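Colleague: Compute the structure for the input listed below.
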Amino acid sequence: MSNIGVFIQVFNPIHNGHMLLMNKLKDKLGLDKILLVLSNISRNKYEQLPLIEDRRNMCRLATKNCERFEIYDSEKNFKDSGQIFNILQKIKNKFYFDGLHLIIEYGLMIFLNLCYACGNIFNFASIILIVFSQEEYLSAKKKIKKFGKNVVIVKFEMSNISSEYARIRFAQGLSCFGYLNSDVEKYVLKNGVYCQKGALFRECFDASRNRLSVKRFTHCQMVAKAAKGLAKIYHEDEKKAEIAGILHDIVKEKDKKSLLRIIQDEGKVLSPVEKSSPKIWHAIAGAIYCKKWLGIESQEILNAILYHTTARENMTKFEKIIYIADCISDDRKYGEVDFERKLAKSDLDMALLFHLKLSIKQLCEKNCSIHPATIDCYNQLCHNFKKKCKEQGDKLE
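Modeller: As a prediction, the model looks like this:
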């Protein structure tokens, strides 16, 4: 009798993180074989899925030298939770005398509501439940307590290697060396699997939509629209402006503890003012997150996200555009917003100066700390404005 793991995944694409996880499971739990079952079910419900044939071919390339990994040719239309039982039943018929173990990530298990259907699954297989954090572990332990030994929880450290990360790198025309099997990377590049026109914005759009509430995501869409419009006026890269806009609040809804962990894990030390201003943490953490977890390499985009709350001295035109777009997006309702929208279309610096005055005034009224970068930016803009007025006055004389 053999122990066979059944790993149901999208594999979009299969990456080294998948391989590492499967090898660890194989060794840790004594699995003789792992069947890779490709599905069209993703807990990231907006994920764009290429043809299952492309994903199957990539899986074959990644596992061609691994005797104990096998691609299971499931139905091409496998895309709902009900078919999991059919798949397990067919696999059980093929491996009747062997022990089957369904390998599934906790997030996908919850997404599919499989906690309420485990009784049927146990007719064919036990469950190996993968968790990536202590929070998931504690929650999983509580939910599956009644199933006892039929469910084994295995905790792995979350890696920044992900299918989403690989897709975003490919969409930027970047290498995925070290993240994917080299043959898989060659296949992607040869067949243009993730390199279609508009792929980068679409991936960033979905990344934002999958992580934010409807209200916050709607705001990001409106900022992206405003940023694109300003970029066109001021001859900056419209596509990059859209991407920075859609991603600028990517971690806004994470709790303070999570934001601090992202910042501290990167070795960033917050200043006393930053420590006392949690509302700006999402910008600092957001830039780190976009680079480390999403694979965004453009320093223009990363800096625009980093400074979209505090501004800074010597801001680039692109950074100003994202800052102002966040202030004048269609969902903003403060009294002076219409004036600022008009001003932004004619003089970016004056719009920035105008908003900084409003922001500094509000912070002072609330007895809040003001980031030194904000003061530096304000002072520089004031100096430039006075210099401009003087030059115009000299010309009139």
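Colleague: Give me the contact list for the one helix or strand Val188 maps to.
Modeller: Element membership for Val188 (DSSP states H and E) is helix 182-191. For helix 182-191, the external contacting residues (C-beta atoms under 8 Å, 6 or more residues apart in numbering) are 13-15, 54, 57-58, 61-62, 64, 170, 175-177, 180, 193-195. (C-beta placed from N, C-alpha, C; glycine too.)
Colleague: Show the buried residues in the residues you listed.
Modeller: Buried by 16 or more other C-beta atoms under 10 Å: 13-15, 54, 57-58, 61-62, 170, 176, 180, 193-194, out of those.
Colleague: I'd like those residues as a markdown table, with distance to Ile71 and secondary structure appended.
Modeller: Shown next, in a markdown table, are those (distance: C-beta to C-beta, whole Å; DSSP: H, G, I helix; E, B strand; the rest coil):
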| residue | distance to Ile71 | secondary structure |
| --- | --- | --- |
| Pro13 | 14 | coil |
| Ile14 | 10 | coil |
| His15 | 16 | coil |
| Asp54 | 13 | helix |
| Asn57 | 9 | helix |
| Met58 | 10 | helix |
| Leu61 | 10 | helix |
| Ala62 | 10 | helix |
| Phe170 | 22 | helix |
| Cys176 | 21 | coil |
| Leu180 | 17 | strand |
| Val193 | 17 | coil |
| Tyr194 | 20 | coil |
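Colleague: Pull out the buried residues from stretch 358-375.
Modeller: Ser359, His371, Ala373, Thr374.
Colleague: Now the two most distant members of these.
Modeller: The span of these, defined through C-beta to C-beta, is set by Ser359 and Ala373 at 12.2 Å.
Colleague: re the thing from before, in the helix holding Val188, which residues are buried?
Modeller: Residues Val184, Glu185, Tyr187, Val188 are the ones in helix 182-191 that count as buried (16+ other C-beta under 10 Å).
Colleague: what stretches of this protein score poorly on pLDDT?
Modeller: 45, 74-81, 115-119, 393-397 (pLDDT under 70).
Colleague: the domain parsing of it - what is it?
Modeller: As assigned by automatic domain parsing, the chain contains the domains 3-161, 199-392.
Colleague: who touches Gly99 in this structure?
Modeller: Taking C-beta under 8 Å, 6+ apart, one finds Met1, Ser2, Asn3, Ile4, Ala125, Ser126 in contact with Gly99.
Colleague: hang on, I meant Ser359
Modeller: Applying C-beta under 8 Å, 6+ apart, the residues near Ser359 are Thr374.
Colleague: what about it, helix or strand, and which?
Modeller: When elements are assigned from DSSP H and E, Ser359 belongs to helix 348-365.
Colleague: quick one: contacts of the following helix or strand past that helix?
Modeller: From helix 348-365 onward toward the C-terminus, using DSSP H and E, the following helix or strand is helix 372-396. Applying C-beta under 8 Å, 6+ apart, the external contacts of helix 372-396 come out as 271, 273, 307, 310-315, 349-350, 352-353, 356-357, 359-360.
Colleague: do the same with stretch 1-8
Modeller: Residues contacting stretch 1-8 (C-beta under 8 Å, 6+ apart): 22, 25-26, 29-37, 39, 41, 72, 84, 87-88, 91, 95, 97-104, 125, 128.
Colleague: Buried residues of that stretch, list them for me.
Modeller: Neighbour-count burial for stretch 1-8, counted by 16+ other C-beta under 10 Å, picks out Asn3, Ile4, Gly5, Val6, Phe7, Ile8.
Colleague: Perfect, I'm done here.
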